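# how would this look folded up:
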Amino acid sequence: MSSIALALHGGAGTIARHLLTPDAEIRYRQALHDALTAGYELLRQGASALDAVEHTVVQLEDCPLFNAGRGAVFTHEGHHEMDASVMVGHTRLAGAVTGVRAIQNPIRAARLVMEKSEHVLLAWPGAEEFARQQGLPMQPPAYFFTEHRYQQLQEALASGQVRLDHSEDAPLEEPKAVDEDPKKKMGTVGAVALDQHGHLAAATSTGGMTNKRYSRVGDSPLIGAGTWADDRTCAISCTGHGEYFIRAVVAHDIACLMEYRGLSLAEACRVVVHDKLAPVGGEGGLVAVDARGHLALPFNSEGMYRASVSSESGLFVGIYKDEQ
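Residues are numbered from 1 along each chain as shown. Take a look at the predicted model:
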């Protein structure tokens with residue numbers, strides 16, 4: 001069997017051990033493990049990288065622990081605006097949706113944009129009209145609601161600040177008061193894969209920022225910024241402060257360093273995440289896989305929910321910086 005590989009992330013930020021209860025940590029690790037094994041089993045059965053990343057991200061969207069799909073954060077107006085994108089490496093076709101409010105699994109809508117339309121990116125409300133025409137399941141606002149996210153909105157409204165997800169998270173059972181550093185919360189889910197046919201794919205999905213306004217769009221639905229896949233180089237899915245990832249065109253920049261400068265996946269990721277993003281305040285991370293099945297899960301924040309497995313390496317689940 002040819003090499004296969006899968007990596008996923010569930011958000012990055014100031015994720016420290018003292019901010020997660022033991023029970024919450026167990027639940028995060030189990031959710032990451034379950035999503036990884038679900039996607040990897042598809043790869044083992046011969047499924048495409050696209051099928052694997054879509055299925056993996058659907059598992060994360062359906063889990064209320066993560067800021068995507070069910071469990072997405074609230075906007076200033078008190079609703080949800082979700083973004084997602086997919087890209088396949090052998091054709092370099094891509095699809096994305098932004099600002100959707102009712103689609104149960106935005107990542108499935110992104111794939112349908114790629115496969116069933118002539119476009120790459122559709123925005124709400126047209127994106128939802130398209131998804132309905134394609135028969136995707138829709139859900140009422142109550143489906144996406146979680147008390148933890150609602151309390152985060154109340155804290156953000158009280159402080160008058162927009163907040164990214166994850167960092168300084170209180171135990172899930174007891175949502176915390178106003179955070180010491182509200183700028184350090186990044187929440188997105190994503191996956192990258194290499195299949196038995198040597199093809200790469202990437203998928204990313206997010207609920208965006210708590211208390212965001214004016215239909216703000218981050219990097220997750222933007223091809224080249226938050227998502228990229230090219231069989232000649234790598235597949236990338238990012239999580240972090242989207243404005244920085246957009247300006248740095250992070251996902252595509254890594255592929256360019258590999259293609260034009262001949263850097264390895266690990267070195268290209270290091271240059272972008274640590275040498276380019278970190279000095280200008282671009283906090284976050286990404287998961288990546290190259291055409292030979294090498295994996296990289298770099299981040300410059302205190303932690304990143306992440307997991308990986310390949311035919312050459314064992315299953316890994318990590319949260320904190322000191323886990324390798």
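# and the spatially most central residue of the chain, backbone torsions?
When C-alpha atoms, centre = their mean is applied to the chain, the residue found nearest the centroid is V189 (2.6 Å). Dihedral angles of V189 (phi, psi; degrees, to the nearest 10) stand at phi -120, psi 160.
# that one contacts A12, correct?
No - with contacts counted by C-beta atoms under 8 Å, V189 stays clear of A12, the gap being 11.0 Å. (Glycine included, C-beta is placed from N, CA and C.)
# and for those two, which residues touch both?
Overlap of the contact sets of V189 and A12 (by C-beta atoms under 8 Å, 6 or more residues apart in numbering) consists of T239.
# any idea of the pLDDT on L20?
In this model, L20 is scored at 88, pLDDT.
# that one and V88, how far apart?
35 Å (C-beta to C-beta, to the nearest Å).
# what about the two, which has more around it?
Per other C-beta atoms under 10 Å, whichever of L20 and V88 has more neighbours is V88, with 25 against 20.
# check contacts around that one.
Taking C-beta under 8 Å, 6+ apart as the criterion, V88 is in contact with A49, L50, A94, M114, H199, L200, A201, A229.
# which of these fall in strands?
A94, L200, A201, A229 (DSSP state E).
# which strand residues bridge G285?
Per DSSP bridges, the residues bridged to G285 are T239, F299.
# okay but it is in contact with V273, surely?
Yes - using C-beta under 8 Å, G285 is in contact with V273, at 6.4 Å.
# and for these two, which residues touch both?
Taking C-beta under 8 Å, 6+ apart as the contact rule, G285 and V273 both touch P298, F299, N300.
# tell me where the stretch 201-324 of the chain has strands.
227-229, 234-240, 284-290, 295-296, 303-310, 316-320 (DSSP state E, counting those that start in this stretch).
# quick one: which of the ones in strands among the contacts of V88 has the most company?
Neighbour max across the ones in strands among the contacts of V88 (other C-beta under 10 Å) = A229, 32 neighbours.
# any idea how far it is from S237?
Here the distance between A229 and S237 works out to 9 Å (C-beta to C-beta).
# now the common contact residues for these two.
V192, A202.
# show me what contacts the residue lying closest to A225 once chain neighbours are set aside?
Take A225 and drop its neighbours on the chain: the residue closest to it by C-beta to C-beta, 6 or more residues apart in numbering is D219, 4.0 Å away. If a contact means C-beta under 8 Å, 6+ apart, then D219 has A225, G226, C238, G240, G242, E243, F245, I246, V250 as its contacts.
# from those residues, which is closest to H79?
Closest to H79 out of the contacts of D219 is G242 (19.0 Å), distances taken as C-beta to C-beta.
# ok, now which ones touch K321?
The contact partners of K321, by C-beta under 8 Å, 6+ apart, come to F299, E302, G303.
# one step back: tell me the phi and psi of the residue nearest to A225?
Backbone dihedrals for D219, given as degrees, to the nearest 10, come out at phi -80, psi -20.
# what's the spacing between it and A248?
Relative to A248, and taking C-beta to C-beta, D219 is found at 9 Å.
# which neighbours do these two have in common?
Common neighbours of D219 and A248, using C-beta under 8 Å, 6+ apart, are A225.
# returning to that earlier point: need the ones in strands among the contacts of V88 in CSV (columns: distance to S310 and pLDDT).
CSV is the format used below for those (distance: C-beta to C-beta, whole Å; pLDDT from 0 to 100):
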residue, distance to S310, pLDDT
A94, 24, 99
L200, 13, 98
A201, 15, 99
A229, 17, 99
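# which one of those is nearest T56?
Nearest to T56 among those, counting by C-beta to C-beta, is A201 at 10.3 Å.
# end-to-end on stretch 297-307?
One end of stretch 297-307 sits 8 Å from the other (C-alpha to C-alpha, to the nearest Å).
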